[in-house]
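In: What would the 3D arrangement of this be:
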Amino acid sequence: MGMSVEDFYDMIPRHFFNKMDGFFQLEQLRDRSDWERTRWQTCYLLNIQLPRGKQIKLKDLISFAWEKDDKKAKINYKKLKAKAEYIKKMEEHGK
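Out: As a prediction, this is how the structure comes out:
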């Protein structure tokens, strides 16, 4: 998470758990991005071998669990980005 021991001991539990949650969300987004890129590449490579009428779509190749969950609850990426920037700014100012 990019913290020193001193940073850890200077944090109150709530700030630590907020930072930990943000770290895991970021890692999960990176993992999703890698899987979606792999799916896109595979779909592209398959579609160049198929005639136009029989080409497959990304979600026909494979659908991920988070895509099913995304229909129920949309992630507000702007809010997450603003929260991450706020936390980063506070760390830079030593608060």
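
In: so what's the most far-flung residue of the chain relative to its centre scoring on pLDDT?
Out: For the chain, the largest distance from the centre (Cα atoms, centre = their mean) belongs to residue 51, which lies 34.1 Å off. Per-residue confidence (pLDDT) for residue 51: 91.

In: Tell me how far it lies from residue 60.
Out: 15 Å (Cβ to Cβ, to the nearest Å). Yep, even glycine has a C-beta here, placed from its N, CA and C like the rest.

In: Packing partners of the longest helix seen in the chain?
Out: As assigned by DSSP state H, the longest helix anywhere in the chain is helix 13-47. The elements that helix 13-47 packs onto, with contact taken as 3 or more Cβ pairs under 8 Å, 6 or more residues apart in numbering; DSSP states H and E, are helix 58-61, helix 77-92.

In: Quick check: buried residues in it?
Out: Buried residues in helix 13-47, counted by 16 or more other Cβ atoms under 10 Å: 16, 19, 22, 39, 43.

In: So the residue positioned nearest the centre of the chain versus residue 81, what's the distance?
Out: Nearest residue to the geometric centre of the chain (Cα atoms, centre = their mean): residue 29, 1.2 Å. Using Cβ to Cβ, residue 29 is found at 11 Å from residue 81.

In: And residue 31, what's its pLDDT?
Out: 93.

In: mind listing what it touches?
Out: By Cβ atoms under 8 Å, 6 or more residues apart in numbering, no residues touch residue 31.

In: Could you check how far it is from residue 63?
Out: Taken as Cβ to Cβ, the span from residue 31 to residue 63 is 16 Å.

In: now swap in residue 29 and tell me
Out: For residue 29, the distance to residue 63 - Cβ to Cβ - is 18 Å.

In: what does residue 44 give?
Out: 17 Å.

In: quick check: mean pLDDT across stretch 17-27?
Out: Here the average pLDDT along stretch 17-27 is 90.
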